[in-house]
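A.B. asks: take this sequence and fold it.
(chains A and B)
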Amino acid sequence: MSIEIKTNSVEPIRHTYGHIARRFGEKPASRYQEASFDIEATTNFHYRPLWDPERTLNDPRRTAIRMQDWYAVTDPRQFYYGAYVGNRAKMQESAETSYSFCEKRNLLTRLPEETREQLLRLLVPLRHVELGANMNNSKIAGDAIATTVAQMHIYQATDRLGMGQYLSRIALMIDGSTGTALDHSKSYWMDDELWQPMRRLVEDTLVVDDWFELTVVQNLLIDGQLYPLIYEKMDEWLGEQGAEDVSMLTEFMRDWFKESLRWTNAMFKTVVAESDANREQIQAWIDHWEPRVYEALLPIANETTGSEVLDEIRAQFATRLDKLGVQGKGVQA
Amino acid sequence: MAVKNKKLNLKDKYQYLTRDMAWEPTYQKKKDIFPDEDFEGIKITDWSQWEDPFRLTMDAYWKYQAEKEKKLYAIFDAFAQNNGHQNISDARYVNALKLFLTGVSPLEYAAFQGYARVGRQFSGAGARVACQMQAIDELRHSQTQQHAMSHYNKHFNGLHDASHMHDRVWFLSVPKSFFDDARSAGPFEFLTAISFSFEYVLTNLLFVPFMSGAAYNGDMATVTFGFSAQSDEARHMTLGLEVIKFILEQHEDNVPIVQRWIDKWFWRGFRLLSLVGMMMDYMLPNKVMSWAEAWEVYYEQNGGALFKDLERYGIRPPKYQDVANDAKNHVSHQAWSTFYQYSQATNFHTWMPEEDEMKWLSEKYPETFDKYYRDRFEHWDKEQKAGRRFYNNTLPQLCQVCQIPTIFTEKDDPSMLSHRQIQHEGERYHFCSDGCCDIFKNEPEKYIQAWLPVHQIYQGNCEGADVETVVSKYYHIKLGEDNLEYLGSPDHQRWLEIKGLKPRASKPGSEQDAA
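C.D. replies: Below you'll find the model as predicted:
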């Protein structure tokens, strides 16, 4: 038996907006579609920006990359704002459980002095890398064409701020919320030889003007090797040093990176496949920046996992690039 | 952050979780990392003085926002499932939504883009973070509005191509040029324009009238969006006030620059709000309050108190606020008269107020309505009943700055159209007012670029020379379906069917109506 509620059914006169119907046909559309396609202004801009008078607002020429239609880049996660915050709310809930657990049991303050120092020197300074990534992705969100592209980058920007805050909280747990450990950790970022190639790299990305070049450098090249090195391999190494509890505090980053691969792979694959010109341009950027990423990560690998682990990551990364239609410097695994 | 070995208070802790992640660069010059911070002439001596307008770490943001979204979408789903559009006060109300979706929602998206940009431009990390959070909030609003209106689009005309229209339709160049103006300015002017003038000073005259209108007219989807966005808006307003105080406190040289921006953006905002004024007075079947009342409460009283407070920084109330205050009794009538005549080129319907609405207008506007506007409306009403619904087929003269047709009258002389013109490099430019003319004079090189819809039609840039072709081909508006008179329109017919009333066969204009 089933119960049947009688409703006053009304025939709609159309199923979705005209701009959505032109892309996907005159049929009911998903929330992702109605939120993400063709809602950005494309023409008849009134004034040239004072900060870039050579180009218009929403000018597709803010990058050297050319797409017939930037909306060809879509998000396999189908994140519009509501889906995005819903997903992150769940992730933060489990992160919160780990952080409270750690705090309640004093898991970090119980670590040997030397291990705590290692965390402040090797892990916590990455909060500054996250802030750089946050700035870069905010710029990209402001410059990118098409909502499907722009929204992924503003989510990326706020994600990076969030992860910078998680890393900061590790130090606040160590110093009992006084800020001294954060100050101390920052001095490594500023002055320790170990971090200088990385800091130089991050500062150099902050002056990149082409937004697609920036997403290549930040979201593909830097993240693509930094995350596996730090949050997989160095995490294991820290475990061997007796800091295995820290692992639960970086779970968010591992989950996040795995998820981010879905959209970055989809985006780069689509853009590379669009034309030879795009592929060559992206290849040129990879050739220029990828060795610098390797250089920046090398001192950290040398100090922790050993350089052979980084070489292995680089080789795997080259395999990933290959699948995207471009090449890396690493010897492919 | 000076005290050590002592637990951080909330303020300092938040600073460690935001601006302390930034550092003084040494490999690149600060000037190269933040190239847009100086060109407007604003002097910032010490970013550490920035007071965070709210303290919300990302984890808390995700959590709160996700809860809000969950509730909001539950209502959207219920609204659609139960055909909530059948419970609104009257189908004429939907025309306010058409104005909103084409005129306001695209601005939310432009705001997202603008805040993402300033969220990178400032060298002060505290300010950047606050701007980025507004950026993602604005994206939220643009998207949830698409979803809130989605169901209406399935049952009414004119909501079907909002962004396309926003880029092209003549009256939508009013809101579009407003936001283009702000986005093409430097970062400090953008914040003065949008965070301060728009979000702080005028939001109660833009956002609130639409949302209250929804509440009064049984539009559960839109009003729920309004409630859900309220706490976002509160954050945006706090940012607006902090921005202005911060800039003013940083250096005395900033005061005249900010004053000029406040003058400009007050006037541009006031002109933009003419559209909201006519929506409140004419498009809402159940009225919330009159435009004049809203202006008195939200601008004259609240704004008055605000500018009193800013006096200590050397800021005076905006220039020409006396003109704006005087105009509160006129703008909505003048705007509605214009849209009534040009209804063949809009994406919504217009109509003449019914008798009880005329009475309401007389009561709310005792000094002006009967004296200056009633006769004209009664005449049009008579013409329509005689089968001669009035449409104006000549294209109007637009103001070079606000882009509204030059329809407004002189302060203290409602029988005199206000019109100004100047010569600039051999060209003649026309304006609706001294306010707009001053804005032009301060930055002529900017405003000569304006994309004026009427000029563009004459120049053949809109896929046709006659109104009918431009409207259908270039605007994507279906003549007679999406626009013209409400009475007898397909929307009206469908509404009568919903209410179980017989659709009238012909001769629109008889007094009985579904409402």
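A.B. asks: enumerate every residue touching A:Asn219.
C.D. replies: By C-beta atoms under 8 Å, 6 or more residues apart in numbering or on different chains, the residues touching A:Asn219 are A:133, A:137, A:156, A:260, A:264. (C-beta placed from N, C-alpha, C; glycine too.)
A.B. asks: assumed B:Met416 was part of a strand.
C.D. replies: Yes. Using DSSP: H, G, I helix; E, B strand; the rest coil, the assignment for B:Met416 is a strand.
A.B. asks: mind checking pLDDT for it?
C.D. replies: We have a pLDDT of 95 for B:Met416.
A.B. asks: next: A:Thr147.
C.D. replies: 98.
A.B. asks: same thing with A:Ile170?
C.D. replies: pLDDT, A:Ile170: 98.
A.B. asks: with the one 5 residues further on instead?
C.D. replies: At A:Asp175, the pLDDT value in this model is 95.
A.B. asks: picking up where we left off before, which of the contacts of A:Asn219 are buried?
C.D. replies: A:133, A:137, A:156, A:260, A:264 (16 or more other C-beta atoms under 10 Å in any protein chain shown).
A.B. asks: contacting residues for the last one?
C.D. replies: When contacts are counted by C-beta under 8 Å, 6+ apart, A:Thr264 touches A:219-220, A:223-224.
A.B. asks: ok, which pair from these is furthest apart?
C.D. replies: A:Asn219 and A:Gly224 (8.1 Å; C-beta to C-beta).
A.B. asks: if we can go back for a sec, secondary structure for the contacts of A:Thr264 - can I get that in CSV?
C.D. replies: Shown next, in CSV, are the contacts of A:Thr264 (three-state DSSP):
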residue, secondary structure
A:Asn219, helix
A:Leu220, helix
A:Asp223, helix
A:Gly224, helix
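A.B. asks: what's the helix or strand containing A:Val129 packed up against?
C.D. replies: In the assignment (DSSP states H and E), A:Val129 maps to helix A:126-143. In terms of contacts (3 or more C-beta pairs under 8 Å, 6 or more residues apart in numbering or on different chains; DSSP states H and E), helix A:126-143 is packed against helix A:147-174, helix A:180-191, helix A:196-205, helix A:211-215, helix A:223-227, helix B:105-121, helix B:125-153.
A.B. asks: taking helix B:105-121 as reference, get the angle to the last one.
C.D. replies: Pointing back at helix B:125-153 there. 160 degrees (axes from the mean of the first three to the mean of the last three C-alpha atoms, to 10 degrees).
A.B. asks: hmm, helix B:125-153 in reach of chain A?
C.D. replies: Yes. Shown here: helix B:125-153 in contact with chain A (C-beta under 8 Å from any C-beta of the partner chain) through B:125, B:128-129, B:132-133, B:135-136, B:139-140, B:142-144, B:146-147, B:150, B:153.
A.B. asks: how close does the residue of the stretch 151-300 of chain A at minimum distance from chain B sit to A:Gln218?
C.D. replies: Taking C-beta to the nearest C-beta, chain B has its nearest neighbour within the stretch 151-300 of chain A at A:Gly162, 3.2 Å off. To A:Gln218, A:Gly162 is 16 Å away according to C-beta to C-beta, to the nearest Å.
A.B. asks: show me the shaky parts of chain A.
C.D. replies: Counting by pLDDT under 70, the ranges of chain A that qualify are A:8, A:331-333.
A.B. asks: do that again at 50, thanks
C.D. replies: Counting by pLDDT under 50, chain A shows low-confidence ranges at A:333.
A.B. asks: leaving out sequence neighbours, find the closest residue to B:Arg376.
C.D. replies: With sequence-adjacent residues excluded and distances taken as C-beta to C-beta, 6 or more residues apart in numbering or on different chains, B:Arg376 is closest to B:Ser337, at 6.6 Å.
A.B. asks: likewise for B:Leu17?
C.D. replies: A:Gln165 (4.7 Å).
A.B. asks: so the one you found makes contact with B:Ala60?
C.D. replies: No. Taking C-beta atoms under 8 Å as the definition, A:Gln165 is not a contact partner of B:Ala60, at 9.8 Å.
A.B. asks: looking at these two, which is more packed in?
C.D. replies: A:Gln165 (22 against 14; other C-beta atoms under 10 Å in any protein chain shown).
A.B. asks: going along the chain, name the helices of the stretch 1-150 of chain A.
C.D. replies: A:18-24, A:31-36, A:81-104, A:113-118, A:126-143, A:147-174 (DSSP state H, counting those that start in this stretch).
A.B. asks: do the stretch 251-400 of chain B as well
C.D. replies: B:254-272, B:274-278, B:291-294, B:302-310, B:321-327, B:331-341, B:355-364, B:374-385.
A.B. asks: can you give me the buried ones in the last one?
C.D. replies: If you call a residue buried by 16+ other C-beta under 10 Å, then helix B:374-385 has these buried ones: B:374, B:377, B:380-381, B:384.
A.B. asks: what of the fourth one?
C.D. replies: Residues of helix B:302-310 classed as buried under the neighbour-count rule (16+ other C-beta under 10 Å) are B:303, B:306-307, B:310.
A.B. asks: who's in contact with that helix?
C.D. replies: Residues from elsewhere that reach helix B:302-310 (C-beta under 8 Å, 6+ apart): B:200-201, B:204, B:244, B:248, B:315-318, B:321.
A.B. asks: can I have the buried ones of these as a ChimeraX selection?
C.D. replies: Typed into ChimeraX, the line below selects the buried ones among the contacts of helix B:302-310, using 16+ other C-beta under 10 Å:
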select /B:200,201,204,244,248,315,317,318,321
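A.B. asks: tell me the mean pLDDT for stretch B:210-224?
C.D. replies: 95.
A.B. asks: and if you look at stretch B:256-276?
C.D. replies: pLDDT averaged over stretch B:256-276 gives 97.
A.B. asks: that one: how far from the chain's middle?
C.D. replies: In terms of C-alpha atoms, centre = their mean, to the nearest Å, the centre of stretch B:256-276 is set 12 Å apart from its chain centre.
A.B. asks: and if you look at stretch A:60-79?
C.D. replies: On C-alpha atoms, centre = their mean, the centre of stretch A:60-79 falls 17 Å from the chain's centre.
A.B. asks: using CSV, write out every CA atom in that stretch.
C.D. replies: Extracted in CSV, the C-alpha atoms of stretch A:60-79 (Å, rounded to 0.1, in the frame of the first residue of the first chain):
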residue,chain,number,x,y,z
PRO,A,60,39.3,37.3,-21.3
ARG,A,61,42.7,38.7,-22.2
ARG,A,62,43.9,38.8,-18.6
THR,A,63,45.5,35.5,-19.4
ALA,A,64,47.5,34.3,-22.5
ILE,A,65,45.2,31.2,-22.5
ARG,A,66,42.4,31.2,-25.0
MET,A,67,39.2,29.2,-24.7
GLN,A,68,36.3,29.2,-27.1
ASP,A,69,34.1,29.0,-24.0
TRP,A,70,35.5,29.1,-20.5
TYR,A,71,32.3,27.4,-19.3
ALA,A,72,33.8,24.2,-20.8
VAL,A,73,35.7,24.0,-17.5
THR,A,74,33.4,22.6,-15.0
ASP,A,75,33.6,21.2,-11.5
PRO,A,76,33.3,17.4,-11.2
ARG,A,77,32.3,18.0,-7.5
GLN,A,78,29.5,20.3,-8.8
PHE,A,79,30.2,22.8,-6.0
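A.B. asks: of the helices of the stretch 251-400 of chain B, flag the one that's most buried.
C.D. replies: helix B:274-278 (a mean of 25; mean count of other C-beta atoms under 10 Å in any protein chain shown).
A.B. asks: that one - contacts with which helices or strands?
C.D. replies: Helix B:274-278 packs on helix B:291-294, helix B:331-341, going by 3+ C-beta pairs under 8 Å, 6+ apart.
A.B. asks: picking that back up, A:Ala64 versus the residue nearest to B:Arg376, what's the distance?
C.D. replies: 51 Å.
A.B. asks: repeat that for A:Thr304.
C.D. replies: 37 Å.
A.B. asks: and for A:Ala29?
C.D. replies: 33 Å.
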